[in-house]
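Asks: What would the 3D arrangement of this be:
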Amino acid sequence: MSETELKDVIAERQLVGKKGEQTFTVTVKIGRPVPHPKGDWECPYLISGLPNPISIRVAGVDAVQALYRLQGCSLKSSTTIAPREAIFCTSSSSCPTMFT
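Replies: Presented below is the predicted three-dimensional model:
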């Protein structure tokens, strides 16, 4: 799935990242849950602005479970997708979270 395939975005958040003197913007997008052709439901999730964008689909038995399961797919819980020693915040005035 590419960014153009995430057609029906239902939620979006932009984070400001800083590593040393470099700043960058990371965008997290959640798509509307859709039925999977083989049953169950899936919710697309896209993180862009990193060196390697993350594009996944989270599955559930229904739309609500697919959305609920997304809470485990955040920048905080996945240090493998964040640049080492980068600081992320929702705005320049918010409290940053350190990734190491």
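Asks: C-alpha only now, for contacts and for neighbours.
Replies: Fine.
Asks: Name the spans of this structure whose pLDDT lies under the cut-off.
Replies: With pLDDT under 70 as the threshold, the chain has low-confidence stretches at 1-5, 72-100.
Asks: Just to check, residue 44 is in contact with residue 56?
Replies: Yes - using CA atoms under 8 Å, residue 44 is in contact with residue 56, at 5.9 Å.
Asks: From the neighbour counts alone, determine which of these two ranks first.
Replies: Legend: neighbour count by other CA atoms under 10 Å for residue 44 and residue 56, higher for residue 44 (24 against 15).
Asks: got the phi/psi numbers for the nearest residue to that one once chain neighbours are set aside?
Replies: Computed as CA to CA, 6 or more residues apart in numbering, the closest residue to residue 44 that is not its neighbour in sequence is residue 57, at 4.3 Å. Here is the backbone geometry of residue 57 (degrees, to the nearest 10): phi -130, psi 130.
Asks: first to last residue in stretch 8-27, what's the distance?
Replies: Terminal residues of stretch 8-27 are spaced 15 Å apart (CA to CA, to the nearest Å).
Asks: mind listing what's buried in it?
Replies: For stretch 8-27, a neighbour-count test (16 or more other CA atoms under 10 Å) marks 14, 15, 16, 17, 18, 25, 26, 27 as buried.
Asks: Could you name the helices and strands sitting against the helix or strand harbouring the second one?
Replies: Secondary-structure assignment from DSSP states H and E places residue 15 in strand 9-19. When contacts are defined as 3 or more CA pairs under 8 Å, 6 or more residues apart in numbering; DSSP states H and E, strand 9-19 sits against strand 22-31, strand 87-89.
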